[in-house]
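1. Fold the following.
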Amino acid sequence: MQYIVLAALLSACVLADVQPQYYSFSDEVGSGNGFPYSLKGQGKITAVRVWDVYGNYIAAFQFCYGYIWSPVVGRQYGLPQEMKLHDDESIIQISGKYSHFVQSVVFTTTKGRTLHAGQPSGKSFNMYAPVNSMSQLVAFSGRYQGYITSFQAHWGIPPSNSTALY
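-> Residues are numbered from 1 along each chain as shown. You can find the predicted model right below:
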């Protein structure tokens, strides 16, 4: 029940800034234990950071919207892996593996570039922007308990007045 309420609230928040006819979200992957989080900003995502623990569990995420970095969710452990997106590039696919924690994640862009983090073991997942060819990652939500235990991707088209500033 709590998950449904959280998803409904987050969807309403995302829809306020994204063209509703193009909005969709991927099913949550992972155990879903711990504290809820939501990463969302103004405009399009211009960079992503991922922390992992010894190349194994995904420890934390952070997204940059324009010039503004979101809060870090999870635990910063060592140095992050980072991918800066080009002005005409966006994230259109997220894949990886999970068990109790998210074990690995791969972010793929419209230019075919990827950011890999973690260790690929566990159950596989693959999320992509299915609604419209212009859709892209606009928000990210889930749960963490020290490390990331779950997440789901929110897809849409950022408002046309938002541009990449990074």
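2. C-alpha only now, for contacts and for neighbours.
-> Noted.
3. show me what contacts the residue nearest the centre of the chain?
-> Central residue of the chain (CA atoms, centre = their mean): residue 140, 4.0 Å from the mean position. Residue 140 makes contact with 38, 39, 40, 151, 152, 153, 154, according to CA atoms under 8 Å, 6 or more residues apart in numbering.
4. Need phi/psi at it.
-> Here is the backbone geometry of residue 140 (degrees, to the nearest 10): phi -150, psi 130.
5. so how far is residue 51 from it?
-> 15 Å (CA to CA, to the nearest Å).
6. Check residue 82 too.
-> Taking CA to CA, one finds residue 82 at 9 Å from residue 51.
7. out of the two, which sits in the more crowded spot?
-> residue 51 (26 against 16; other CA atoms under 10 Å).
8. Pull out the buried positions in stretch 69-77.
-> 69, 70, 72, 73, 74, 75, 76 (16 or more other CA atoms under 10 Å).
9. Kindly apply the preceding question to stretch 49-58 instead.
-> Buried, per 16+ other CA under 10 Å, within stretch 49-58: 49, 50, 51, 52, 53, 56, 57, 58.
10. Determine how far it lies from the middle of the whole chain.
-> 14 Å (CA atoms, centre = their mean, to the nearest Å).
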